[in-house]
Structure formats: C-alpha cells, structure tokens
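Participant: can't give you the sequence, but here's the structure:
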C-alpha cells in the first residue's frame with residue numbers, strides 16, 4: 001500500500017511548528033524563559049499576589065490567553081485596561097511583553113507598576129538593548145524574530161515571502177511557552193484537570 005502524500009496543510013503546519021521549536025532549541029546564556037516564568041508566577045501565588053498582564057497587538061492577545069489560564073489555575077489574574085482590573089501594589093506581579101525591546105505604552109505601564117512596588121516580569125527578544133529592561137525585576141528571554149528584525153524590506157525586494165511574517169515567530173513562541181508554564185504550574189499548585197475545568201466560564 002502506498003504511503004499517503006503529505007498535504008500542503010500538513011507541510012505548512014510542520015514548517016511553522018519547526019520554526020517555533022527552533023526558538024526553544026537555541027542556546028543562550030540566560031536562564032530559560034520557562035524557568036523564569038514558572039518561578040515568578042509560583043512565587044506570586046505563594047505570597048497571594050495578584051498577577052497583571054500587558055502587551056501590545058498580538059503579543060497582548062497571547063498574554064490575554066495566558067491570563068485566562070492563570071485564572072483557571074485559581075490565581076488572581078487581570079488584564080491591564082480591563083474595567084475590573086484592580087490597582088497594582090507591592091505584593092503583585094506584572095507580566096509585560098515587549099518583543100522588540102520596548103514600546104511607549106509598555107514602558108509607561110511598567111514604570112507605574114514599579115513605582116507602586118510591584119515585581120515586573122518582562123518578556124522580550126532584546127533583553128539587553130530594549131528600553132523596557134530597566135523596569136524589570138526579572139526577564140524572560142525569548143530569542144525569536146520580532147517585527148523589528150524580520151527583514152521585510154529585503155523580502156519585498158526579491159527575497160522569498162516568509163511563512164511567519166513580522167513578529168509571528170515571537171508571538172507563536174509566546175503561546176507555546178505559556179502552555180508549558182501552565183502545565184508546570186498546575187503541578188506546582190496541585191491543580192487537577194477537573195479543578196482547572198471547574199473555573200471555566202459557563203456564560204457562553
């Protein structure tokens with residue numbers, strides 16, 4: 001029997017997954033972002049702190065997905081700018097993302113959080129040169145391509161069209177990273193799948 005041919009859909013999916021996987025295969029001198037995030041969130045849970053998340057654009061959407069899962073784990077999680085987000089204070093943790101290193105809004109929000117005594121976990125692809133790093137208590141380094149270094153102009157001038165344009169590699173890596181964080185936190189916080197599911201909204 002002949003082996004089935006790989007469909008175009010499967011081939012594209014494999015390429016995308018391999019490109020995202022390569023982010024986590026890179027060797028860096030920094031602690032893995034997974035370890036940094038797990039420790040920061042677990043420590044926040046241990047001190048009964050609230051956790052806030054903020055990012056712009058698609059980075060922000062990935063963080064909103066993380067916020068949902070943190071709430072499912074039983075943590076006090078809030079998205080910055082939600083009408084129900086409480087004031088941040090000293091015990092709390094802000095998880096912010098600035099893939100290219102900094103954004104005016106991310107810098108400003110991190111500055112306010114720091115002035116209120118909160119810890120700041122910054123996720124970025126540029127941990128040393130970005131403007132947001134000076135506010136960080138801890139940095140989760142995601143060594144992925146962002147919109148700041150995707151070479152868009154070169155591609156337009158005759159190069160091949162990238163499968164993951166602009167900051168998609170970074171944002172895809174965020175999603176995978178967050179799933180790993182949630183998986184490990186469920187064990188640390190002793191949260192069974194049933195307990196996690198019980199906190200999902202029923203207003204759908």
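Facilitator: Yep, it's here. Here the structure is a predicted model, which means the values were calculated and not measured.

Participant: wasn't residue 182 part of a helix?
Facilitator: Yes. Under DSSP: H, G, I helix; E, B strand; the rest coil, residue 182 falls within a helix.

Participant: what sits against it?
Facilitator: Taking C-beta atoms under 8 Å, 6 or more residues apart in numbering, we find residue 182 in contact with 66, 69-70, 73. C-beta: built from backbone N, CA, C; applies to glycine.

Participant: please, where are all the strands along the chain?
Facilitator: Secondary structure of the chain (DSSP state E): strands at 51-54, 77-79, 93-97, 119-124, 138-141.

Participant: please identify the most buried of those strands.
Facilitator: Among these, strand 93-97 has the highest mean neighbour count (mean count of other C-beta atoms under 10 Å), at a mean of 27.

Participant: list of residues touching it?
Facilitator: When contacts are defined by C-beta under 8 Å, 6+ apart, strand 93-97 is touched by residues 37, 40-41, 43-44, 49-55, 59-60, 62-63, 66, 80, 88, 106, 109-110, 113, 118-124, 132, 174.

Participant: and if you look at stretch 120-131?
Facilitator: Stretch 120-131 is contacted from outside by 30, 33, 36-37, 40, 55, 59, 93-102, 107, 110, 113-114, 132-133, 135-146, 148, 170, 174, using C-beta under 8 Å, 6+ apart.

Participant: save the strands of the chain as TSV, and put in mean pLDDT too.
Facilitator: Shown next, in TSV, are the strands of the chain (pLDDT from 0 to 100):
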stretch	mean pLDDT
strand 51-54	98
strand 77-79	98
strand 93-97	98
strand 119-124	98
strand 138-141	97
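
Participant: of all these, which lies closest to residue 202?
Facilitator: Residue 202 lies closest to strand 77-79 among the strands of the chain, at 18.4 Å (C-beta to C-beta).
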